[in-house]
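> Sequence first, then the predicted structure, then my questions.
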Amino acid sequence: AGGPYQLQIIGKENQISIKDILIGDVWLCSGQSNMQWVVNNVTNAEVEKKNANYSQIRTLNIPRRMELSPKDTICATWLVCSPETVGRFSGVAYFFAKKVYEETNVPIGIINSSWGGTIVETWTSLEAANTLPQKRLDRYNKNEKLLPPTEYFTRKNKEAKRNDYPSLVYNAMIHPLLSFSIKGVLWYQGENNVGNAEPYTDWLTCMISDWRNRWNSELPFYIIQLPNFDSINKKPLWAEMRDAQSKVLAVPGTHLIVTSDLGDPYDLHPRNKQEVGMRAALQALHYEYGYSDIVSESPMFERMEINGDKVIITFKNTGSGLEIRTGSTAGIPESTAVSAADLFNRYGKTEPCHDLGRTKRILSGQHLSDTGNGISECENDCKTHCSVADQFGKKVRTSDEVQNFFCTLSVFLYLYKLKMFCELFSNYQKGW
C-alpha cells in the first residue's frame, strides 16, 4: 500500500503514462440521505475543511440516477481530498476514511453511491428480489414473480420512478461498480422504509447476499443504525426499523453501528457525522485491519437473571465498564442497581401513555461504554411499553417522576424479552 505511483504502458507506436496512482483499500459507501450528506453541511464544517489535507484519501461520487436494466459504465471522476474538495465528500464516508487512514497509513478510496429518499428494494437486483418469499413481492406482482422493469411499467402504463420497483437504482448505481475490487461496504439507509419495518430484514439480507455474490467476495457489511429522529412520537416507527436492522446481524460478517444517542428527535439529518464515521471506522479497524485491542462495538445485552427483588443484567462489549451520564437533562438515577420491588411500589399508579418516545430519546444517549459507544437497544420490545405499562393504572401524570419511571422501565424493556418481564410482573402483582 502507498503511493503515489506512475504507470507507463509502452506500445510499438505510442506510450501511455498514468500518474498519481495509489494502492490501498476501496470502500463502497451506500444508502440514502444521511450517507449522501456532505461535509459542507456537517457540524464545524469550516474547521473540518480547513484541516482536510489528506491527498491519500479519494472519493468517487456516483451520479444519482435509475435505469430499467443493468448498466456497465458510469461517468464519474475521482476527487483528491483537500480543503477545496472535501466539502463535496460524504460526511460519514470522509470521517470513516480519515480515521482508518490515520491509524493504518493505508490509502483509502471512497465510492459514494448514495441517494436520498430511496428504499432498500430499489438497491436490490431483480434476480435477487425474485428469490424472496412471494409475500415480499405481492405489493408489485400479486402471486407472481417480478417481471423485468420495462415489461412491468409497460403493463402499468406509467412512468418509472426510483422507488416504484426493485432494481432501478441498483441497475444504475451499483451494477456498474462490480469491476472494482472493494474492501467492504458501509450501508446507511432505512429512513424511507420506516413504517414498513417488518419486511426490511428480509430485503436487506437479500441485498447483502446478492452484492456478495456479484463481487464474488464475502464482503463485510457495516450497517449504520438509524438515529433517534421522531423519538417524541408515541408510535415507535423508527425504533421498529432499528430493530429490523439489528436482526440482520444474524448474517455472518455484518456489523451494527449504533447512532441512537447521536441523533436529533427534530432533525432527520443530524449534523454530527464525525462520530458516526468514527464509530464505523473503529469497527472496521477491529475486524478488517487487525486492531483487536479496540473495543469497537456498542454494549449489548448478553443475559439477565432475577435474584430476589433485583434484576441483574450483564452486557458484552463494555470495555472497562459502563458509564452513565446523569444530570438535569438525563432523567436517569445515579445508579442502575434498581430494586424491582422499589420500582413497582414507587410507580405502581402511573399512566402508560406518557411520552414514550421522549423517554427512549433521553435514555438512549446516557448509557455508554468507556469508549463512548451508545448501548444498542432491544428494539423488538418497543411495542410492549404501553401494553405492559397499562397494568399500572389510569391516572395521568406528566411530572419528572413519571419521566424517570419510564426511563427506568425502559432499561428493563431494552434488556430482556417481554415474557421475562411478564414473569417478573406476575410475581409482584400477587402482592398488590
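Cool, the structure landed. Residues are numbered from 1 along each chain as shown.
> Would you confirm that G24 contacts I110?
No - in this structure G24 lies outside contact range of I110 using C-beta atoms under 8 Å: 11.0 Å. For the C-beta atoms, the positions are set from N, CA and C on the backbone; glycine is no exception.
> Between those two, tell me which one has more neighbours.
The neighbour comparison of G24 against I110 (other C-beta atoms under 10 Å) goes to I110, with 26 against 20.
> Please list the outside residues in contact with the helix or strand containing that one.
Counting by DSSP states H and E, the element that carries I110 is strand 108-114. Contact with strand 108-114 is made by 22, 24-33, 35-36, 56-62, 64, 78, 89-90, 93-94, 96-97, 100-101, 173-174, 177, 180, 182, 188-189, as judged by C-beta atoms under 8 Å, 6 or more residues apart in numbering.
> Narrow those to those that are buried.
The neighbour-count test (16 or more other C-beta atoms under 10 Å) applied to the contacts of strand 108-114 identifies 22, 24-33, 35-36, 56-62, 64, 89-90, 93-94, 96-97, 100-101, 173-174, 177, 182, 188-189 as buried.
> Which ones among those lie within strands?
22, 25-31, 57-61, 188 (DSSP state E).
> which one among the residues you listed gets closest to L146?
Checking those against L146 by C-beta to C-beta gives S30 as the nearest, at 21.5 Å.
> residues contacting the closest one?
Taking C-beta under 8 Å, 6+ apart, we find S30 in contact with S113, S114, W123, M173, I174, V185, L186, W187, Y188, Q189.
> coming back round to it: need the worst-confidence member of the ones in strands among the buried ones among the contacts of strand 108-114.
Taking these together, the minimum pLDDT is found at L22 (94).
> show me the contacts for that one.
By C-beta under 8 Å, 6+ apart, the neighbours of L22 are G2, G3, P4, Y5, Q56, R58, P107, G109.
> Hmm, W123 is touching D210, no?
No - with contact taken as C-beta under 8 Å, W123 and D210 are classed as non-touching, separated by 9.5 Å.
> And these two? Which one has more around it.
More neighbours sit around W123 than around the other of W123 and D210, counting by other C-beta under 10 Å; the figures are 27 against 20.
> where's the more buried one relative to R303, distance?
Here W123 is placed at a distance of 36 Å from R303 (C-beta to C-beta, to the nearest Å).
> Can you lay out the contacts of L22 as TSV showing distance to L237?
As requested, these are exported to TSV (distance: C-beta to C-beta, whole Å):
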residue	distance to L237
G2	47
G3	46
P4	48
Y5	50
Q56	41
R58	37
P107	41
G109	36
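> what about burial for the residues you listed, which qualify?
Under a neighbour-count criterion of 16+ other C-beta under 10 Å, the subset of the contacts of L22 counted as buried comprises Q56, R58, P107, G109.
> possible to save these as TSV with distance to M241?
Formatted as TSV, the buried ones among the contacts of L22 follow (distance: C-beta to C-beta, whole Å):
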residue	distance to M241
Q56	36
R58	32
P107	35
G109	30
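> May I ask you to confirm that T201 is in contact with V251?
No - judged on C-beta under 8 Å, T201 makes no contact with V251 at a distance of 9.5 Å.
> higher neighbour count, these two?
Summary of the neighbour comparison: T201 and V251, criterion other C-beta under 10 Å, with T201 having more neighbours (19 against 15).
> Wasn't that one part of a helix?
Yes - according to DSSP: H, G, I helix; E, B strand; the rest coil, T201 belongs to a helix.
> show me what contacts the residue nearest to E121 when sequence neighbours are not counted?
In this structure, E121 finds its nearest non-sequential neighbour in P166, 4.6 Å apart by C-beta to C-beta, 6 or more residues apart in numbering. P166 is in contact with E121, T122, T124, S125, L126, A129, Y140, L146, counting by C-beta under 8 Å, 6+ apart.
> Let's see if you can find the most crowded of these.
Going by other C-beta under 10 Å, E121 tops those with 29 neighbours.
> wait, that one sits on V169?
No - taking C-beta under 8 Å as the contact criterion, E121 and V169 are not neighbours in contact, 9.2 Å apart.
> thinking again about what came up before, which SSE is immediately downstream of the strand holding I110?
That would be, after strand 108-114 and using DSSP H and E, helix 126-129.
> can you give me the helices in the stretch 51-200 of the chain?
When assigned using DSSP state H, counting those that start in this stretch, the helices of the stretch 51-200 of the chain occupy the ranges 91-104, 126-129, 149-156, 168-173, 200-215.
> got the CA coordinates for the first one in PDB?
In this case it means helix 91-104. What follows is the C-alpha trace of helix 91-104 in PDB, where atoms were taken according to Å, rounded to 0.1, in the frame of the first residue of the first chain:
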ATOM      1  CA  GLY A  91     -19.500  13.300   5.700                       C
ATOM      2  CA  VAL A  92     -19.900   9.800   7.100                       C
ATOM      3  CA  ALA A  93     -17.600   8.300   4.500                       C
ATOM      4  CA  TYR A  94     -14.900  11.000   4.900                       C
ATOM      5  CA  PHE A  95     -14.700  10.800   8.600                       C
ATOM      6  CA  PHE A  96     -14.600   7.000   8.300                       C
ATOM      7  CA  ALA A  97     -11.800   7.100   5.800                       C
ATOM      8  CA  LYS A  98      -9.900   9.800   7.700                       C
ATOM      9  CA  LYS A  99      -9.800   7.700  10.900                       C
ATOM     10  CA  VAL A 100      -8.800   4.500   9.100                       C
ATOM     11  CA  TYR A 101      -6.100   6.200   7.100                       C
ATOM     12  CA  GLU A 102      -4.700   8.000  10.200                       C
ATOM     13  CA  GLU A 103      -4.400   4.600  12.100                       C
ATOM     14  CA  THR A 104      -3.200   2.400   9.200                       C
END
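> In terms of secondary structure, what does whichever strand or helix holds Y287 contact?
Taking DSSP H and E as the criterion, Y287 maps to helix 273-288. Taking 3 or more C-beta pairs under 8 Å, 6 or more residues apart in numbering; DSSP states H and E as the contact definition, the neighbouring helices and strands of helix 273-288 are helix 91-104, strand 184-188, strand 221-224, strand 254-257.
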